[in-house]
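>>> One predicted model, sequence on top.
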Amino acid sequence: MKALLPGWLESNEIERSDTADLMDDYLFNNVCTREFWSGKRSTATRFMNYSDCCKQHRFPRKLAITRLLNWMTPETTFEEWEKEVIKYLIHDITTSEENTRLRPYQTAGVFTTPEQTYIDARITLVKDPFHKPLHTVN
């Protein structure tokens, strides 16, 4: 991502949108794996297998990429970047129907916080008692 930074800073809105799309595909389809599961799942998924559920990213994906690229500077260290990117890769588990209910609250101009999104969509998350997260976020 750091290699994208100079171009990002000099790009227009359309170019930034295209860059965010590319990074979205890479990070969320290739990097985001079960190890980034928060350990939280909706009450509707309590008795479902992980593989039968939807990964619900806590932040809208394109917003996450845009925030990361706007946050980074040429001086950002890998350790700083890694800590920041993990915050955006963490996901919860929901049903497909719940995932659809969350979408209207994850759009630009509407999204505020992950917690508020779940409240607005009337979805309750519970901790999975058998899950020990590999990554945590403050």
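Thanks, I have it. Residues are numbered from 1 along each chain as shown.

>>> From now on I want contacts and neighbour counts done on CA atoms only, so please keep to that.
Will do.

>>> Near the residue nearest to Thr107 when sequence neighbours are not counted, how many other residues are there?
Of all residues not flanking Thr107 in the chain, Pro60 sits nearest, at 7.3 Å (C-alpha to C-alpha, 6 or more residues apart in numbering). Pro60: 19 surrounding residues under other C-alpha atoms under 10 Å.

>>> Could you do Phe36 as well?
Counted with other C-alpha under 10 Å, residues neighbouring Phe36 total 21.

>>> and the helix or strand harbouring Tyr88, how far out from the chain's middle?
Per DSSP states H and E, Tyr88 falls inside helix 78-89. With C-alpha atoms, centre = their mean, to the nearest Å as the basis, helix 78-89 stands 12 Å off its chain's centre.

>>> Okay, the closest residue in space to Val110 that isn't next to it in sequence and Lys40: tell me how far apart.
In space, and not counting its chain neighbours, Val110 is closest to Pro104: 7.9 Å by C-alpha to C-alpha, 6+ apart. Shown here: Pro104 relative to Lys40, a distance of 21 Å by C-alpha to C-alpha, to the nearest Å.

>>> neighbour count winner among the two?
With other C-alpha under 10 Å as the criterion, Pro104 and Lys40 differ in neighbour count, and Lys40 comes out ahead with 20 against 13.

>>> ok, that one - contacts?
Contacts for Lys40 (C-alpha atoms under 8 Å, 6 or more residues apart in numbering) come out as Asp92, Ile93, Leu125, Val126, Lys127, Asp128.

>>> lowest-confidence helix or strand of the chain?
helix 5-10 (a mean of 64; mean pLDDT, DSSP states H and E).

>>> my guess is Arg101 meets Ala121, correct?
Yes. Here Arg101 reaches Ala121: they are 5.9 Å apart, a contact under C-alpha atoms under 8 Å.

>>> If anything else comes up later, I'll come back, but that's it for now.
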